[in-house]
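Participant: here's a sequence, model it:
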Amino acid sequence: LHTIFQMAAYDPSNTHANVLTDEAQELKGTDARLTTILGAVAVSDLVKSTLGPKGMDKIIMSQTQASGVTVTNDGATIMKQLLVDNPAGKILVDISKSQDDEIGDGTTSVCVLAGQLLQQAEQLLSAHIHPQTIVAGWRMALNEAKKTLEQSAIDYSNNEEQFRQALFKIAKTTLSSKIVRNAHDHFANLAVDAVMRIRKQGDLELIQILKKAGGSMSDSFLEEGFILDKKIGVGQPRRIEKAKIMVANTPMDTDKIKIYGAKVKTDSIAKVAEIEKAEINKMMKKCEKIAGHGINCFINRQLIYNKPEQYFAQKGIMAIEHADFDGIERLAMALGAEIVSTFDAPGMVRLGECEVIEEVLIGEDRMIRFSGCKAPEACTIVMRGSSQHILAEAERSLHDALCVLLTACKDPRIVYGGGSTEIAMAEAVDALAKRTAGKKAMAIEAFARALRSIPKIIAENGGYDSADLVSQLRAAHSEGMPNPGLDMREGAIGDMAELGITEAFRSKMQVLVSASEAAEMIVRCDEVIRAAPRAREDPHPH
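Facilitator: Okay, here's the model as predicted:
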């Protein structure tokens, strides 16, 4: 009888029978799609107002950071600070981070484009078009857009002067939407000069960015070599030529007697003095080994206490202590040195070299400058600004420009900005929709509308009539105007080649592909399952 009741309770037609635990949550069908799409669109709308040269800034208040407040319009920085609970929102955060790691710029554009694609997808789903049909149409549209983008790309790598000019324009375009926009010519020159030095090496670690509050942003400058934000020890030489440098990470503080923190059984204070003397002798032997490498400059990651510092001063060796870890790794790379911890085999140690080490004054602080480093590409950009918040945002802006320029050096093709390529791609995708039969054509048209929304949002953020400007832009493209795009200074349509508004081809391509793939992944989701939280075990079971 019990079995019969069990069979009666099981109904195979009931597809909503809950197989999950009580605390697990499950969303299916329309509810799941609305949750994922609306969550992703909400994240996209959050950064939408920061897009373009007249985008707005966000103030982010963090409970974890020491400063607590970040003022920025950098999409990746905003996304990193967000604690997003929505699963689709997390996907947009991830593509923004990967865009930042891969290219350095376009972090806002990739989120906005993915959000616009999802808004179009929501309308198509409401019209009962299957997600797989939408995805198939989008893939056709993406291939067409990629072809158009590749056809519109220009390569100046054969002409060195034109290539440098193209890099300057890319840097200027990238910086025009940042806090340094009032001095973007100056910063674009700094970025191009720095990247041209490391062009063959291709390692951004050779560019050190040093922030010093005071002065104005236009006082920032590029210094050849490496500047370390530390002071030279007492009684040591202030300038060294033809320097042989050891970079180390070793404790140099054992002359401070440590036996008072330990239990030592002894019958007289004289024996305590003997232990102290043994510790000092041990430290002096280490100092002698270091000096035996034939160096005239010793840089240590850790502290250098009085006794070894005094020893180095007597030997005429410049000792620099407590160099921060990021700085010391970059410095070792610039000097061609290895960071060492043991000193028993002088033949195995690679020492760093530079022409001159000297103390310089920047603002009100004394620092150490290493000129004529073994890696001649090494350089330091010293950034000035009125406050730490402004300096932090200016550093993020300059880092974006450096990353984009390095990308442009690897793939020297450029495309025009100001919505020019988006409109060209949208028109090509629209033409494809007219040639395509069936419901896929609706998805292809939706892809074109999402592309056209980028110049629309840029115009809106500038306070202009976006519908009017985008229709003018489409008309200019159809009439065959060369390189039409948005001139955000005048609020009109202009020639992007004359205005010098250019972007790196690889950055634009990455935005297009990443946004499309992320939107495709979200559209294909038809169920959201939130696992039950792990049950807390009772530490005192009865």
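
Participant: the residue nearest to Gly462 when sequence neighbours are not counted: what secondary structure?
Facilitator: With C-beta to C-beta, 6 or more residues apart in numbering as the criterion, Gly462 has its nearest non-adjacent residue at 4.0 Å, and that residue is Lys54. For the C-beta atoms, the positions are set from N, CA and C on the backbone; glycine is no exception. Following DSSP: H, G, I helix; E, B strand; the rest coil, we place Lys54 in the coil state.

Participant: after the strand or helix carrying Ser397, which helix or strand is next?
Facilitator: Taking DSSP states H and E as the definition, Ser397 sits inside helix 388-410. Going down the chain from helix 388-410, the next helix or strand is strand 413-416, by DSSP H and E.

Participant: all helices in the stretch 1-150 of the chain, in order from the N-terminus.
Facilitator: Using DSSP state H, counting those that start in this stretch, the helices of the stretch 1-150 of the chain run over residues 2-9, 29-48, 75-81, 87-102, 107-126, 131-152.

Participant: point out the most buried one among these.
Facilitator: Comparing these by mean neighbour count (mean count of other C-beta atoms under 10 Å), helix 107-126 comes out on top with a mean of 24.

Participant: any stretches of the stretch 101-250 of the chain with poor pLDDT?
Facilitator: Applying pLDDT under 70 to the stretch 101-250 of the chain flags no residue at all.

Participant: check the chain too.
Facilitator: The chain contains residues with pLDDT under 70 at 1-27, 29, 63-67, 254-264, 325-326, 530, 532-542.

Participant: burial check on the residue nearest to Gly462, number of neighbours?
Facilitator: Using other C-beta atoms under 10 Å, Lys54 has 19 neighbouring residues.

Participant: so it touches Glu460, yeah?
Facilitator: No - in this structure Lys54 lies outside contact range of Glu460 using C-beta atoms under 8 Å: 9.5 Å.

Participant: which strand or helix spans Val360?
Facilitator: Going by DSSP H and E, Val360 is part of strand 352-362.

Participant: which residue is the nearest non-sequential neighbour of Pro412?
Facilitator: Ser157 is the one closest to Pro412 (C-beta to C-beta, 6+ apart), at 3.7 Å.

Participant: do you know which of the helices of the stretch 1-150 of the chain lies nearest Gly352?
Facilitator: Closest to Gly352 of the helices of the stretch 1-150 of the chain is helix 87-102 (C-beta to C-beta; 29.5 Å).

Participant: elements contacting that closest one?
Facilitator: helix 29-48, helix 75-81, helix 107-126, helix 505-523 (3 or more C-beta pairs under 8 Å, 6 or more residues apart in numbering; DSSP states H and E).

Participant: that helix to helix 29-48, inter-axis angle?
Facilitator: 40 degrees (axes from the mean of the first three to the mean of the last three C-alpha atoms, to 10 degrees).

Participant: how far off helix 505-523 does helix 87-102 point, in degrees?
Facilitator: 160 degrees.

Participant: now do helix 87-102: everything it contacts.
Facilitator: Contacts to helix 87-102, defined as C-beta atoms under 8 Å, 6 or more residues apart in numbering, come from residues 35-37, 39-40, 42-44, 75-76, 79-80, 82, 84, 106-108, 110-111, 114-115, 118, 510-511, 514-515, 517-518, 521-522, 525, 528.

Participant: can you check stretch 456-468 too?
Facilitator: 48-56, 112, 418-419, 455, 469-470, 486, 488, 491.

Participant: at 7 Å instead, please
Facilitator: The contact list for stretch 456-468, computed with C-beta atoms under 7 Å, 6 or more residues apart in numbering, reads 48-49, 51-52, 54-55, 112, 419, 469-470, 486, 488, 491.

Participant: can you give the distance from it to the centre of its chain?
Facilitator: Taking C-alpha atoms, centre = their mean, to the nearest Å, one finds the center of stretch 456-468 at 28 Å from the center of the full chain.

Participant: next, the buried residues of it.
Facilitator: Residues of stretch 456-468 classed as buried by neighbour count (16 or more other C-beta atoms under 10 Å): Lys456, Ile457, Ile458, Ala459, Glu460, Asn461, Gly462, Tyr464, Ser466.

Participant: could you export stretch 52-68 as CSV, CA atoms only?
Facilitator: The C-alpha trace of stretch 52-68 is given here as CSV (Å, rounded to 0.1, in the frame of the first residue of the first chain):
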residue,chain,number,x,y,z
GLY,A,52,33.3,59.4,-24.6
PRO,A,53,35.3,62.6,-24.3
LYS,A,54,32.6,64.4,-22.3
GLY,A,55,31.8,61.4,-20.0
MET,A,56,31.1,62.0,-16.3
ASP,A,57,33.1,60.7,-13.4
LYS,A,58,32.0,58.4,-10.6
ILE,A,59,32.8,58.7,-6.9
ILE,A,60,33.3,55.2,-5.4
MET,A,61,33.4,54.9,-1.6
SER,A,62,35.1,51.7,-0.4
GLN,A,63,35.1,50.3,3.1
THR,A,64,38.3,48.3,2.5
GLN,A,65,40.7,50.8,1.0
ALA,A,66,42.8,53.0,3.2
SER,A,67,41.8,56.2,1.4
GLY,A,68,38.2,55.1,1.1
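
Participant: identify the residues contacting that stretch?
Facilitator: 49-50, 69-73, 78, 81, 176-177, 181, 458, 461-462, 488.

Participant: quick check, central residue of this structure?
Facilitator: Asp100 (4.4 Å; C-alpha atoms, centre = their mean).

Participant: so how far is Lys271 from the residue nearest to Gly462?
Facilitator: Between Lys54 and Lys271 the computed distance is 76 Å (C-beta to C-beta, to the nearest Å).

Participant: Ile245 is nearest to which of the helices of the stretch 1-150 of the chain?
Facilitator: Closest of those to Ile245 is helix 87-102, at 32.2 Å (criterion: C-beta to C-beta).

Participant: now for the contacts of stretch 52-68: which two are most distant?
Facilitator: Distance extremes for those: the farthest pair is Val69 and Met488 at 28.4 Å, using C-beta to C-beta.

Participant: the more surrounded of the two?
Facilitator: The residue with more neighbours, out of Val69 and Met488, is Met488; 24 against 10, by other C-beta under 10 Å.

Participant: redo the helices of the stretch 1-150 of the chain as CSV? Include distance to Arg474.
Facilitator: Below are these laid out as CSV (distance: least, C-beta to C-beta, whole Å):
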stretch, distance to Arg474
helix 2-9, 62
helix 29-48, 21
helix 75-81, 26
helix 87-102, 27
helix 107-126, 17
helix 131-152, 15
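
Participant: looking at those helices, which is nearest to Cys354?
Facilitator: Among the helices of the stretch 1-150 of the chain, helix 87-102 sits nearest to Cys354 (C-beta to C-beta), with 31.5 Å.

Participant: any idea how far that closest one is from the chain center?
Facilitator: Worked out by C-alpha atoms, centre = their mean, helix 87-102 lies 12 Å from the chain centre.

Participant: residue contacts, the nearest residue to Glu520 once chain neighbours are set aside?
Facilitator: Nearest non-adjacent residue to Glu520, counting by C-beta to C-beta, 6+ apart: Val135, 5.2 Å away. Residues in contact with Val135 (C-beta under 7 Å, 6+ apart) are Glu520, Val523, Arg524.

Participant: residues near the last one, how many?
Facilitator: Using other C-beta under 10 Å, Arg524 is surrounded by 13 other residues.

Participant: please report the distance of the residue lying closest to it once chain neighbours are set aside from Cys373.
Facilitator: Distances taken as C-beta to C-beta, 6+ apart put Pro131 closest to Arg524, at 5.4 Å, once the chain neighbours are dropped. In this view, Pro131 and Cys373 are 56 Å apart by C-beta to C-beta.

Participant: show me which positions of stretch 334-344 end up buried.
Facilitator: Buried positions in stretch 334-344, judged by neighbour count with 16+ other C-beta under 10 Å: Ala334, Leu335, Gly336, Ala337, Ile339, Val340, Phe343.
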